[in-house]
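> Requesting a structural model of the entry that follows:
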Amino acid sequence: MARTLSVLTVMAEAGGSVGVTDVAEALGLPMSTSHRLLDLLRGAGFVERDATERRYRLGLQFLRVASLVTQNTSFATLCQPALERLTARTGETSMFCEYLPDHSPDGHMAAYTAKCDSPHSLRYRIALFEPAPVECGASGIAILSHLPPPLQASVVASPRPSPLTGKRPSSRTIAELIESVRRKGYAFSSGEKLPDSVGIAVP
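Numbering: from 1, shown residues only. The predicted structure is shown next:
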């Protein structure tokens, strides 16, 4: 079973069709074993064979299963174990933030969709699924720094007020924050979403 799944992994990572030799070399298996595993997967519909080129590609059954997994598993669910490990190491609340491009007419919103609360009795209460401008807070800026340039330009051209303070940051400030994330690899904010709070986020 493990070797069969490894074959699927090799094919997915190849990004195209593979030959028996490719699979054998990638997994360190005999040619005969690689051929047998590919035929087994072909019989189940997970792999298709191009008779002309004698190469294999992922089949419709694999794509169907992958699609079902994607539809039924959110990023927030996948990230929960990592958030729990991070909170265990730091003792602080950890959160996962997602970009919500179509949430409002203004677009470019972000919201926390998963969290692991700090074990301390004194901690910030973080609400999930409450959209905020993507240019607000460390998590939003971390996301903004990796959006396509046209979307970045749209946000930089007209920053929105902070939901906490009501103050509107300048375009120059947002542009500098984006550049800082690109340079340092993380975003930092203080008191932008919660009073007296500090946030650190990575894209």
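> C-alpha from now on. contacts and neighbour counts both.
Fine.
> quick one, helices of this protein?
2-14, 20-27, 31-43, 60-72, 75-90, 137-144, 149-157, 171-184 (DSSP state H).
> Now tell me what touches the longest one from outside.
Outside helix 75-90, the residues within contact range by Cα atoms under 8 Å, 6 or more residues apart in numbering are 93-96, 113-118.
> So for this protein, the centremost residue is which one?
The chain has residue 75 as the residue nearest its centroid, 6.5 Å off, counting by Cα atoms, centre = their mean.
> quick one on the thing from earlier: of the helices of the chain, give the one that comes closest to residue 125.
Residue 125 sits nearest to helix 75-90 of all the helices of the chain, at 14.5 Å, using Cα to Cα.
> Buried residues of the closest one, list them for me.
In terms of neighbour count (16 or more other Cα atoms under 10 Å), helix 75-90 has its buried residues at 76, 80, 82-84, 86-88.
> between those residues, which is nearest residue 130?
residue 76 (14.6 Å).
> before we move on, back to that, which of the buried residues of helix 75-90 has the weakest pLDDT?
Ranked by pLDDT, the buried residues of helix 75-90 bottom out at residue 76 (79).
> Excluding covalently adjacent residues, which one is nearest to residue 160?
residue 168 (5.6 Å; Cα to Cα, 6 or more residues apart in numbering).
> Next, the contact list for the one you found, please.
159-162.
> and the worst-scoring helix or strand of the chain on mean pLDDT, how far out from the chain's middle?
Here the helix or strand of the chain ranked lowest by mean pLDDT, DSSP states H and E is helix 60-72, holding a mean of 77. Taking Cα atoms, centre = their mean, to the nearest Å, the mean C-alpha location of helix 60-72 is offset from the chain mean by 18 Å.
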